[in-house]
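> Whatever this is, show me its structure:
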Amino acid sequence: MRQRRVSKEAQIRTLALFRDCSAQDVHDVARLGDMVDLPAGQTLAVAGCRSHDLVVVVDGVAVGSCPSGEIVLLPGSSYGGFYGGPHALAVESITPVRVIVFPQRTLHALIERVPPIAAAAAVWKPFAAPRRAARTRPCRRRPVRTGAAHPAV
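Purely as a prediction, here's the structure:
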């Protein structure tokens, strides 16, 4: 049986973050973001590691961990150190995930053009980890240890 391929714009439109966007806004989002497919168990972000990208989960489930607990990231959830600060969460996929990544070079244009992204960026800004050199470290590609095994969803 042949599987129908869903367009990048159609996938983006299914997310609550982009539902109220105009067709032009969705087109801009699709053009400015890079769609990436990642396997289960993939480290998506390391707490304390600098990032300038905004990442939006399109499909799949990930978990974000910090000293105060864990948060489940479902389609439409976003994370990132898009204010130039370090990640506050360690993020790991628990199922295969598809994400759309907005690199810093496109993020400012996206915030200016797409009101829902500007709103999401405003919500995340107060939660960004403080910008102190002592709290940041270079990224290391190693598995994130969250303490407990996460059951497959």
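
> From now on I want contacts and neighbour counts done on CA atoms only, so please keep to that.
Fine.

> just how off-centre is stretch 7-18 within its chain?
Its chain's C-alpha centre and that of stretch 7-18 lie 14 Å apart, by C-alpha atoms, centre = their mean, to the nearest Å.

> Sorry, slip of the keys, the one I care about is stretch 14-32.
Computed by C-alpha atoms, centre = their mean, the chain-centroid distance of stretch 14-32 equals 15 Å.

> Show the end-to-end separation of it, please.
Start and end residues of stretch 14-32 are separated by 17 Å (C-alpha to C-alpha, to the nearest Å).

> Quick check: chain neighbours aside, which residue is closest to L15?
Nearest non-adjacent residue to L15, counting by C-alpha to C-alpha, 6 or more residues apart in numbering: G76, 5.0 Å away.

> residue contacts, the residue minimising distance to the centre of the chain?
Central residue of the chain (C-alpha atoms, centre = their mean): V55, 2.3 Å from the mean position. Neighbouring residues of V55 by C-alpha atoms under 8 Å, 6 or more residues apart in numbering: 78-80, 99-102.

> Export these as TSV, with columns for pLDDT, neighbour count and secondary structure.
Formatted as TSV, the entries for those read as follows, by pLDDT from 0 to 100; neighbours: other C-alpha atoms under 10 Å; DSSP: H, G, I helix; E, B strand; the rest coil:
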residue	pLDDT	neighbour count	secondary structure
S78	83	20	strand
Y79	82	23	strand
G80	76	27	coil
V99	94	22	strand
I100	91	22	strand
V101	89	21	strand
F102	85	24	strand
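
> follow-up on the earlier one: partner strands of the strand or helix carrying the residue nearest to the centre of the chain and their direction?
Mapping V55 onto the secondary structure by DSSP states H and E places it in strand 54-59. Here strand 54-59 is paired, per DSSP bridges, with strand 78-79 (antiparallel), strand 97-102 (antiparallel).
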